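Colleague: Sequence plus predicted model, see below.
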Amino acid sequence: MPKLLIVDDEADVREFAKRFFTKRNIDVTTAAGGQEALEIIGRDKPDLVLLDVRMEEMTGVEVLRELRGKQDNTKVIMVSGVNDHEIIAAANAYGVHEFIHKPLVLEELEKIVLAELAK
């Protein structure tokens, strides 16, 4: 069963996405912030991370920087409510090529996540 980590500081977004992917036979874990996400990634080795860009404690790009600094090549999809070219460029530099924009469109989210898990 593939493992997915959903990182978002909005509890409703985390729980909504968790229910959605659990119904698709994906083992889902959630984290409310970057530090918690890094601990879970190090411990559980998820196949894919849905990572929110803007969080209070640590931004998604900061999480990516720390992850890649540890030579961790976990696949990451960035989730953002804004279309910021600087953030996209920074994430691309850390190996992220998929972005999903909020509000989440379930069909798009499912298509992108399942495609990444299949790689």
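Modeller: Received it, and whenever you're ready, just let me know what you need.
Colleague: Quick check: beta-bridge partners of Leu51?
Modeller: Going by DSSP bridges, Leu51 is paired in beta bridges with Val7, Met78.
Colleague: Can you get me a residue count around it?
Modeller: Counted with other Cβ atoms under 10 Å, residues neighbouring Leu51 total 28. Quick note: C-beta positions are derived from backbone N, CA and C, even for glycine.
Colleague: for it, what are its contacts?
Modeller: Neighbour list for Leu51: Val7, Ala37, Gly60, Val63, Leu64, Val76, Ile77, Met78, Val79 [criterion: Cβ atoms under 8 Å, 6 or more residues apart in numbering].
Colleague: does the second one really touch Val63, like I thought?
Modeller: Yes - between Ala37 and Val63 there is a contact at 5.8 Å, judged by Cβ atoms under 8 Å.
Colleague: Between those two, which contacts overlap?
Modeller: Val7, Leu51.
Colleague: Secondary structure element holding Val63?
Modeller: helix 60-69 (DSSP states H and E).
Colleague: For that helix, which outside residues touch it?
Modeller: 7, 34, 37-38, 41, 51-54, 74, 76, 78-80, 87, 90-91, 94-96.
Colleague: could you pull out the strands for this protein?
Modeller: Ranges of strands in the chain, per DSSP state E, are 3-7, 27-31, 48-52, 75-80, 99-101.
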